[in-house]
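K.L.:
below are the sequence and a predicted model; questions follow.
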2 protein chains.
Amino acid sequence: MSEPLYHLDGDLVPASEATVSVDDRGFRYGDGAFETLRAYGGTVFEWEAHADRLEATCETLDLEHGLSRRDLCRRIEETLAENGLADAYVRLSITRGVQPGKLTPDPAVDPTVVVYAKPLPRGGLEGDPVWDGPATVETVETRRIPEAAIPATAKTHNYLNGILARNELSPGADEALLCDLEGAVSEGATSNVWFVTDGVLHTPTTDLSVLPGITRRVVLEVADEADLSVSKGRYEPEAVRTAEEVFLTNTTWEIRPVTAVDGVGLEVGPLTERLSRAFDERVERECY
Amino acid sequence: MSEPLYHLDGDLVPASEATVSVDDRGFRYGDGAFETLRAYGGTVFEWEAHADRLEATCETLDLEHGLSRRDLCRRIEETLAENGLADAYVRLSITRGVQPGKLTPDPAVDPTVVVYAKPLPRGGLEGDPVWDGPATVETVETRRIPEAAIPATAKTHNYLNGILARNELSPGADEALLCDLEGAVSEGATSNVWFVTDGVLHTPTTDLSVLPGITRRVVLEVADEADLSVSKGRYEPEAVRTAEEVFLTNTTWEIRPVTAVDGVGLEVGPLTERLSRAFDERVERECY
């Protein structure tokens, strides 16, 4: 297998040559925005939603990169095409680039733009899920960064909060469940969390410090289409621990069932399976 | 002037070749520790204190880089020597390096280690201060990340909280004063804050979310030697606004007087001047 190609500042380069200066603000401060995307059959799933969120992140960071949505999409498509990928994981990053050595950003930005793609076979209607198996989840001590410190809508290269949370996990556990400072369930380190109680689907409201996941939004839409009862609210970890079904969502995992929360086992339930199927149909409809 | 040399993973390389992979966790997640240091007359000021804090940061991140304190110091000394620097600003970074594309860190670390140095003439007893002039300071809406989300003792490549704070400043203002979620003054984006009221020196306690600055500690020591009254506590911004004297400390600025807080002007006072002189004498004693 030949070396994959990364899209770096407008050029496709071999992975080993995809480097940035140690003075890049992305490296020095994590001063950058990113999106994780999926391509199905060569089509980027929910591109406009990802582009919207990227725009929101850059607005929060006051990062005017000057690149059009169309240009960014073209770079992703080139990366997929040149690597011969149809079903893929894609990561798009934009940092504030190299600037004089001060923390205060300079408004004149020469951004660093990276697109990275790797094969990710489609699970979906005909295939296997991308995750190795259902997830085991544990609540952790690390609390989600509050809105007033860094807005949760911003998806940035500052990911230590999630890393500290993951570092608390027991060996073999897959995802950390973070609560906010008041003890309400917020989200996983890289995922949104959902649970079913008395047949009603629950997920933490984005009024809390919760990243508005693209997959979260799609699941809300397919749940609505399927006429399911959905509640967005503020929940204690105990509600998740005692739920009938629990699952996680993010772009990579899509819908990933949870079979243990803090050591309490549970089955993959009918609502999770129904939503997974509906999600797959949505992908089918949108990308093929 | 020839290109400066950076120390990268054990080798001295020209600045333009000092690059890291876009897959480096330092770039992807800001998953790294750093220290800002000063060299005076070729001697690294307070090296052991910086090495202690770096160790504490790496412990928080569970980052076992495997490098001895002596090895790190040698890299800094080589960087200074090869760039012909005696009075310098030094930045030392250690990231978790490249790992498979998962957020959860792998315990087996091949770290990225960067030392960067640039000339920084000594202010001190005989020279000019390194800052352009006294600082103007503004309180901001952005709140300091609380201890439970990311411990304040960790000095990491996740610096967006400070960047968001700096982005709020009016044009010309130098430093943002962050409060914690309860409204108590915490620190500047890159500095510790001090003020004088009724002849007593005040600085926020590290019981709050406050980085334990090395310069902060040295100032506490010289204040103690000078038999000054010092109070470490919890203060409202109003206390800073109405103070007789205000100054900031960090490794680069040393002691930087503040001549405006939220638009209210104040003079560089006698205690600030006395402490600046005592700090300079300490540098003199320790490094020459």
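P.N.:
Great, that's in hand.
K.L.:
mind telling me which residue of the stretch 1-150 of chain A is nearest chain B?
P.N.:
When scored by CB to the nearest CB, the stretch 1-150 of chain A has A:G30 as its residue closest to chain B, at 2.7 Å. Backbone N, C-alpha and C define where each C-beta goes, glycine included.
K.L.:
that residue - how many residues pack around it?
P.N.:
The tally of other residues near A:G30 (other CB atoms under 10 Å in any protein chain shown) stands at 26.
K.L.:
show me the contacts for it.
P.N.:
Applying CB atoms under 8 Å, 6 or more residues apart in numbering or on different chains to A:G30 gives the contacts A:156-159, B:29-30, B:157-160.
K.L.:
tell me, what's the model's pLDDT at A:G123?
P.N.:
Looking at A:G123, its pLDDT stands at 70.
K.L.:
can you tell me the closest non-neighbouring residue to the residue of the stretch 1-150 of chain A closest to chain B?
P.N.:
In space, and not counting its chain neighbours, A:G30 is closest to B:G30: 2.7 Å by CB to CB, 6 or more residues apart in numbering or on different chains.
K.L.:
tell me the pLDDT at that neighbour?
P.N.:
In this model, B:G30 carries a pLDDT of 98.
K.L.:
hmm, what's the outermost residue in chain A?
P.N.:
A:P100 (31.3 Å; CA atoms, centre = their mean).
K.L.:
about what we covered before: same list (the contacts of A:G30) but as a markdown table, adding distance to B:H202 and secondary structure.
P.N.:
Below are these laid out as a markdown table (distance: CB to CB, whole Å; DSSP: H, G, I helix; E, B strand; the rest coil):
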| residue | distance to B:H202 | secondary structure |
| --- | --- | --- |
| A:T156 | 34 | strand |
| A:H157 | 36 | coil |
| A:N158 | 31 | coil |
| A:Y159 | 35 | coil |
| B:Y29 | 36 | helix |
| B:G30 | 32 | coil |
| B:H157 | 31 | coil |
| B:N158 | 28 | coil |
| B:Y159 | 26 | coil |
| B:L160 | 28 | helix |
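K.L.:
only the buried residues of stretch A:100-112, if you could.
P.N.:
A:103-105, A:109, A:111-112 (16 or more other CB atoms under 10 Å in any protein chain shown).
K.L.:
so which pair among these is furthest apart in space?
P.N.:
A:T104 and A:T112 (18.5 Å; CB to CB).
K.L.:
show me where the stretch 151-288 of chain A has its strands.
P.N.:
A:175-179, A:185-188, A:192-197, A:200-204, A:230-233, A:245-250, A:254-261, A:264-265 (DSSP state E, counting those that start in this stretch).
K.L.:
that older thread, now narrow the buried residues of stretch A:100-112 to whatever sits close to chain B.
P.N.:
Restricting these to those within reach of chain B (CB under 8 Å from any CB of the partner chain) leaves A:103-105.
K.L.:
show me the residues you listed that map onto helices.
P.N.:
Secondary structure assignment (DSSP state H) places none of these within helices.
K.L.:
same list (those) but as a markdown table, adding pLDDT.
P.N.:
Below are these laid out as a markdown table (pLDDT from 0 to 100):
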| residue | pLDDT |
| --- | --- |
| A:L103 | 95 |
| A:T104 | 95 |
| A:P105 | 96 |
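K.L.:
what are the contacting residues of stretch A:213-229?
P.N.:
A:46, A:49-50, A:53, A:191-192, A:194, A:199-201, A:203, A:230, A:249-251, A:253-255, A:271, A:274-275, A:278-279, A:281-282.
K.L.:
A:L103 versus the residue of the stretch 1-150 of chain A closest to chain B, what's the distance?
P.N.:
12 Å (CB to CB, to the nearest Å).
K.L.:
what do the two both touch?
P.N.:
B:Y159.
K.L.:
before we move on, back to that, buried subset of the contacts of stretch A:213-229 as a PyMOL selection?
P.N.:
PyMOL command restricting the contacts of stretch A:213-229 to the buried ones, with burial defined by 16+ other CB under 10 Å:
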select buried, chain A and resi 46+49+50+53+191+192+194+201+203+249+250+251+253+254+255+271+275+278+279+282
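K.L.:
number of residues surrounding the residue of the stretch 151-288 of chain A found nearest chain B?
P.N.:
Proximity of the stretch 151-288 of chain A to chain B (CB to the nearest CB) peaks at A:Y159, 3.7 Å away. Counted by other CB under 10 Å, the residues lying close to A:Y159 total 21.
K.L.:
quick check: nearest residue in space to A:F27, chain neighbours excluded?
P.N.:
B:F27 (4.7 Å).
K.L.:
how distant is the helix or strand that contains that neighbour from the center of its chain?
P.N.:
Using DSSP states H and E, B:F27 sits in helix B:25-29. In terms of CA atoms, centre = their mean, to the nearest Å, the centre of helix B:25-29 is set 21 Å apart from its chain centre.
K.L.:
repeat for stretch A:229-240
P.N.:
21 Å.
K.L.:
where along the stretch 1-150 of chain A do the helices fall?
P.N.:
Ranges of helices within the stretch 1-150 of chain A are A:25-29, A:47-61, A:69-82, based on DSSP state H, counting those that start in this stretch.
K.L.:
point out the most buried one among those helices.
P.N.:
When those are scored by mean count of other CB atoms under 10 Å in any protein chain shown, the highest mean neighbour count falls to helix A:25-29 (a mean of 28).
K.L.:
now do the longest helix belonging to chain A and strand A:200-204, the angle between them.
P.N.:
In chain A, taking DSSP H as the definition, the longest helix is helix A:270-287. If you take axes from the mean of the first three to the mean of the last three CA atoms, to 10 degrees, helix A:270-287 sits at 70 degrees to strand A:200-204.
K.L.:
what average pLDDT does helix A:270-287 get?
P.N.:
Mean predicted confidence for helix A:270-287 is 95.
K.L.:
about what we covered before: among the buried residues of stretch A:100-112, which are in strands?
P.N.:
A:T112 (DSSP state E).
K.L.:
could I get the buried residues of stretch A:100-112 as JSON lines with distance to A:S2?
P.N.:
Shown next, in JSON lines, are those (distance: CB to CB, whole Å):
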{"residue": "A:L103", "distance to A:S2": "41"}
{"residue": "A:T104", "distance to A:S2": "43"}
{"residue": "A:P105", "distance to A:S2": "38"}
{"residue": "A:V109", "distance to A:S2": "33"}
{"residue": "A:P111", "distance to A:S2": "28"}
{"residue": "A:T112", "distance to A:S2": "25"}
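K.L.:
done for today, thanks.
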